[in-house]
Structure formats: structure tokens, C-alpha cells
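J.: below are the sequence and a predicted model; questions follow.
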Amino acid sequence: QKGEEAKDLFLQGQVAKAEREYGQALSMLDEAKKPGLSVSEPALKVQMLCNRALCLMKLKKWSEAERDCNEALEIDPLKVVGIRRRG
């Protein structure tokens, strides 16, 4: 849900708001990993990290974008988007 909102904001050119929404979506995914809650799909987290990295790049927050790409690549080392966006 939050991921879709973030995507819509990004497509509307509201990059800073999209970045915040992706952050909230990632926090929700992390919460789902706590005991007693369902475990989230790793692929979804990778997608959200790569999308937030794109937002961060557009906002010229290079080190934060690199951090998200590195985290995505730790989960899925073959994720081409993460490699490409990391540079």
C-alpha cells in the first residue's frame, strides 16, 4: 500500500514525498519481521530499496542512495537495478 503511494508520488514528480513514503514502507516491512508477525518477501524489500535509492539520487543524496543499493544487493546480489544505481 505505502509502496504504491510512493510510486504514485514519484510519478507525479513529488520525489521528496515519495522518498519518505518508501521509508515508511520499509519500516513496515521491518516491523513484519518481528516475532509473531508474518515475514515479508525479500524481493519486495529489494524493490523498495532500489526505488528509494532512485528518489535519493534525484534529491542528490548520493551516500544514502548508495547505502540503499548496498542493502538491496546484500539481500539479492544479482539485482541489476541495485548494481546500476549504486554506480
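T.: That came in fine, so what should we check first? Numbers count the residues shown, from 1 in each chain.

J.: in the protein, which residue is most central in space?
T.: Centroid-nearest residue in the chain, with Cα atoms, centre = their mean: residue 49, separated by 2.1 Å.

J.: low-confidence ranges, this structure, go.
T.: 33-40, 80-83, 85-87 (pLDDT under 70).

J.: mind running it again at 90?
T.: Residue ranges of the chain with pLDDT under 90: 1-3, 28-44, 73-87.

J.: burial check on the residue nearest to the residue nearest to the centre of the chain when sequence neighbours are not counted, number of neighbours?
T.: Distances taken as Cβ to Cβ, 6 or more residues apart in numbering place residue 72 nearest to residue 49, at 4.0 Å, with adjacent residues excluded. C-beta: built from backbone N, CA, C; applies to glycine. Residue 72: 26 surrounding residues under other Cβ atoms under 10 Å.

J.: could you measure residue 72 against residue 47, distance?
T.: Residue 72 sits 8 Å away from residue 47, going by Cβ to Cβ, to the nearest Å.

J.: and if you look at residue 1?
T.: Computed as Cβ to Cβ, the residue 1 to residue 47 distance reads 14 Å.

J.: go on, residue 54?
T.: As judged by Cβ to Cβ, residue 54 and residue 47 stand 11 Å apart.

J.: among residue 1 and residue 47, which residue is more densely surrounded?
T.: When neighbours are counted by other Cβ under 10 Å, residue 1 and residue 47 differ, and residue 47 comes out ahead with 20 against 8.
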